[in-house]
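Participant: generate coordinates for the sequence data below:
(one chain, ligands or ions: 1)
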Amino acid sequence: MHGSEALFGVVSIIITISGILAIFIPFWVFRIRNEIIKTNQLLAQLIELNGGINPDHYIIDSSAKPTKQCPKCGKANKKTDSTCIYCGTNLRNTL
Ligand SMILES: [Zn+2]
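Facilitator: Numbers count the residues shown, from 1 in each chain. Modelled structure (predicted):
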């Protein structure tokens, strides 16, 4: 019977500690909530300073592509190339 008393004592201590810690859970949640709000405000400020979220920024402009397509073979060439490196077609008039 001595063993069960010791087990009871250990379980009582664990439950007591858990109960004391449980009292502080709302404070932890509140603190984490406030920190998330503060971080989001800072992030929004940084996005605003960086020019804001502009959906047009993410649309890739085809005229800004670093390559141009060969009209004959359809392969990509460097924008600065005057002839296709694959088939030799003149690309001077190709965009
Ligand atoms: Zn070509």
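Participant: show me the shaky parts of the protein.
Facilitator: By pLDDT under 70, the weakly predicted segments of the chain are 1, 54-65, 95.
Participant: in it, which spans are helices?
Facilitator: Here the chain has its helices, by DSSP state H, at 2-49.
Participant: which residue ranges make up each domain of it?
Facilitator: Domains of the chain are assigned by automatic domain parsing as 2-59, 60-95.
Participant: export those to JSON lines and tack on mean neighbour count?
Facilitator: No exception for glycine: its C-beta is placed from N, CA and C like everyone else's. Compiled in JSON lines, the domains of the chain are given as follows (neighbours: other C-beta atoms under 10 Å):
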{"stretch": "domain 2-59", "mean neighbour count": "9"}
{"stretch": "domain 60-95", "mean neighbour count": "12"}
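Participant: turn the ones you listed into CSV, columns for distance to the ion.
Facilitator: As requested, those are arranged in CSV below (distance: least, C-beta to the ion, whole Å):
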stretch, distance to the ion
domain 2-59, 28
domain 60-95, 3
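Participant: so what's residue 92 up against?
Facilitator: Residues counted as contacts of residue 92 (C-beta atoms under 8 Å, 6 or more residues apart in numbering) are residue 82.
Participant: ok, residue 70 next?
Facilitator: By C-beta under 8 Å, 6+ apart, the contact list for residue 70 reads 76, 77, 84, 86, 87, 89, 91, 94.
Participant: could you do residue 67 as well?
Facilitator: Contacts of residue 67 by C-beta under 8 Å, 6+ apart are 76, 77, 78, 79.
Participant: go ahead and flag the most central residue of this protein.
Facilitator: Centroid-nearest residue in the chain: residue 43, 12.3 Å away (criterion: C-alpha atoms, centre = their mean).
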